[in-house]
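Novice: sequence below, structure please.
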Amino acid sequence: MPSLIFKKGLDLKREVAGQLSASYHSDLVADIKARDYRYHAGRLTIHLAREFGFCYGVDRAVDYAYQARLKFPARRVFLTGEIIHNPHVNDQLRAQGIRFLSDAGESWDALAAEDVVILPAFGVTVEDLVRLDTLGCTLVDTTCGSVLNVWKNVKRYAADGFTSIIHGKHWHEETRATASQAVQVPGGHYLVLLDTREANLVCDFITAAHPPGSDARAALLERFREACSPGFDPDLHLDRIGCANQTTMLSTESFAIGEQFRAAIRQRYGVEAEAAHFRAFDTICSATQDRQDAVLAMLADLSLDAMIVIGGYNSSNTCNLARICAEKVPTYHIADPSGLVSAREIRHRDARTKAEVVSTGWLPDGPLTIGLTSGASTPDNLVEAVVKALAGFTAEPAVAVAP
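Specialist: Here you go, the predicted model:
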């Protein structure tokens, strides 16, 4: 398979550095960081989380995409889908002439050997890789190292006869790619769980006494019909399990699910047999963990009137930041600065209902302290735009002075 991986220090990287800085960097955000992550203007104080925004994997993926466009000016350059879950960044790439196979009017059937195809940070399924290999396209692989680590471990599970229990969204690009790796090994199987409630259903099946082919088996297969491997049989394939997860999930929930399965296996087989039937490893990426830890520290240390979380509505790591914050303080997850309609209205994704809503009267009068963070796929220039908008909303009105 023709492939291309860019290395640090190449001239090509230096050529795109200016483009990336102009598109995504913020001098204001750099200044706020230098001032102990605190911005103050009039009655407004903003505290930035100590970790937020672009992670290394995202920065690398975007960098490689820009380099690919520059390196192959006369060739068609495609992305298999969104490179990351941030609409601003994806639109910037479209503006560079990079075409998205997931966009209307595009088709995998139109790909040719001379085309360049960028694999996103989430990775792609084994089936898609085989298809691209058959076509002979030049590939630019931006798959995140944390994702590759998950793939390595689920394949190891399969090789040892363990079914992969994946905490994730079965429709998410990363989880679909991980699941495809699990079944690459002959006899490999997987089951994808969204949350602790779904984990409870599976754990109850493991611990309950029921005959093979029971109604419980049929109910479980129906519940997870879109989230399990072909030929998955709960009577057979929940005997030995290994826990993994989509790297951007809420870490506390992933750990809780792992403990649920550990307890179920112990209940069924005994503590002494745990190692023969259960495995787990930490697959939350360090950047996701750092951003979650940073907002938890902010919530513990500061008295906030509100929290603003910036990032795509389909960004799992951003949504989980909003979930954490919403448990402690009024929280507004905005896709981009346009969500800040005015000092009276804000358009945001509700962390509980998951629907986009417009809230009114969201900025109280008087001294105002706001926490601000952004997902791992959100560039600093969007954070700057939010800071400036908030400063404008809360600016003290001019006072006329008598002559």
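Novice: relative to residue 22, how far out is residue 389?
Specialist: Note on residue 389: its distance to residue 22, by C-beta to C-beta, to the nearest Å, is 21 Å. Yep, even glycine has a C-beta here, placed from its N, CA and C like the rest.
Novice: same question but for residue 144, I mixed them up
Specialist: For residue 144 relative to residue 22 (C-beta to C-beta), the value is 24 Å.
Novice: neighbour count for these two, which is higher?
Specialist: For residue 144 versus residue 22, neighbours defined as other C-beta atoms under 10 Å are more numerous around residue 144 (25 against 9).
Novice: for that one, what are its contacts?
Specialist: 57, 58, 60, 61, 121, 122, 123, 247, 285 (C-beta atoms under 8 Å, 6 or more residues apart in numbering).
Novice: shouldn't residue 65 be in contact with residue 83?
Specialist: Yes: here residue 65 reaches residue 83: they are 5.8 Å apart, a contact under C-beta atoms under 8 Å.
Novice: let me see the ranges of the strands in the stretch 251-400 of the chain.
Specialist: Remark: strands assigned in the stretch 251-400 of the chain by DSSP state E, counting those that start in this stretch are 278-280, 306-310, 331-334, 345-349, 356-360, 368-374.
Novice: compare these and give me the one nearest residue 150.
Specialist: strand 278-280 (12.5 Å; C-beta to C-beta).
Novice: coming back round to it: spit out the residues that contact residue 65 and residue 83 alike.
Specialist: What both residue 65 and residue 83 touch, as defined by C-beta under 8 Å, 6+ apart, is the set 93, 118, 142.
Novice: show me what the helix or strand that the second one is a member of is packed against.
Specialist: Which is residue 118. Element membership for residue 118 (DSSP states H and E) is strand 116-119. Under the contact criterion of 3 or more C-beta pairs under 8 Å, 6 or more residues apart in numbering; DSSP states H and E, strand 116-119 touches helix 56-71, strand 77-79, strand 138-141.
Novice: ok, and which of the strands of the stretch 251-400 of the chain has the densest surroundings?
Specialist: Compared across the strands of the stretch 251-400 of the chain, strand 306-310 shows the largest average neighbour count, a mean of 27 (mean count of other C-beta atoms under 10 Å).
Novice: tell me the angle that strand makes with strand 368-374.
Specialist: Taking axes from the mean of the first three to the mean of the last three C-alpha atoms, to 10 degrees, one finds strand 306-310 and strand 368-374 inclined to each other by 20 degrees.
Novice: centre of the chain to the next helix or strand after the strand holding residue 118, how far?
Specialist: Counting by DSSP H and E, the next helix or strand C-terminal to strand 116-119 is helix 126-135. Chain-centre distance of helix 126-135: 24 Å, with C-alpha atoms, centre = their mean, to the nearest Å.
Novice: likewise for stretch 249-261?
Specialist: Offset of stretch 249-261 from its chain centre (C-alpha atoms, centre = their mean): 16 Å.
Novice: pretty sure residue 264 contacts residue 208?
Specialist: No: if you go by C-beta under 8 Å, residue 264 and residue 208 don't touch, sitting 9.8 Å apart.
Novice: those two - which one has more neighbours?
Specialist: residue 264 (23 against 11).
Novice: which phi and psi does the closest residue to the more buried one other than its chain neighbours have?
Specialist: In this structure, residue 264 finds its nearest non-sequential neighbour in residue 203, 3.9 Å apart by C-beta to C-beta, 6 or more residues apart in numbering. Dihedral angles of residue 203 (phi, psi; degrees, to the nearest 10) stand at phi -60, psi -40.
Novice: distance of residue 203 from residue 95?
Specialist: 48 Å.
Novice: ok, those two, which is more surrounded?
Specialist: Neighbour count, other C-beta under 10 Å: between residue 203 and residue 95, residue 203 has more, with 22 against 9.
Novice: picking that back up, partners of the strand holding residue 118, with directions?
Specialist: Sheet pairing of strand 116-119 (DSSP bridges) gives strand 77-79 (parallel), strand 138-141 (parallel).
Novice: I'd like the next helix or strand past the last one.
Specialist: Secondary structure here is assigned by DSSP H and E; on that basis, the next helix or strand after strand 138-141 toward the C-terminus is helix 145-159.
Novice: buried residues in that next one, which are they?
Specialist: Neighbour-count burial for helix 145-159, counted by 16 or more other C-beta atoms under 10 Å, picks out 146, 147, 150, 151, 153, 154, 155, 157, 158.
Novice: same deal with stretch 385-394?
Specialist: Judged by neighbour count (16+ other C-beta under 10 Å), stretch 385-394 contains these buried residues: 385, 386, 387, 389, 390, 393, 394.
Novice: what sits against the third one?
Specialist: Residues touching residue 387, when contacts are defined by C-beta under 8 Å, 6+ apart, comprise 28, 29, 32, 39, 46, 372.
Novice: and the third one, that's in a helix?
Specialist: The one in question is residue 32. Yes: looking at residue 32 with DSSP: H, G, I helix; E, B strand; the rest coil, it is inside a helix.
Novice: about what we covered before: among the contacts of residue 387, who's most crowded?
Specialist: residue 372 (25 neighbours).
Novice: now do the contacts for that residue.
Specialist: Residue 372 touches 46, 47, 48, 49, 52, 307, 308, 310, 383, 386, 387, counting by C-beta under 8 Å, 6+ apart.
Novice: so for the residue lying closest to the first one once chain neighbours are set aside, what's the pLDDT?
Specialist: The shortest distance from residue 46 to any residue other than its chain neighbours is 4.2 Å, reached at residue 39 (C-beta to C-beta, 6+ apart). For residue 39, the model assigns a pLDDT of 97.
Novice: isn't residue 66 up against residue 16?
Specialist: Yes: counting by C-beta under 8 Å, residue 16 is a contact partner of residue 66 at 4.2 Å.
Novice: neighbours around residue 134, how many?
Specialist: There are 10 residues near residue 134, going by other C-beta under 10 Å.
Novice: quick check: pLDDT value at it.
Specialist: pLDDT, read off for residue 134, is 94.
Novice: distance of it from residue 107?
Specialist: Relative to residue 107, residue 134 is positioned 16 Å away (C-beta to C-beta).
Novice: next: residue 133.
Specialist: 18 Å.
Novice: more crowded one of these two?
Specialist: residue 133 (13 against 8).
Novice: tell me the spacing between the more buried one and residue 139.
Specialist: In terms of C-beta to C-beta, residue 133 sits 9 Å off from residue 139.
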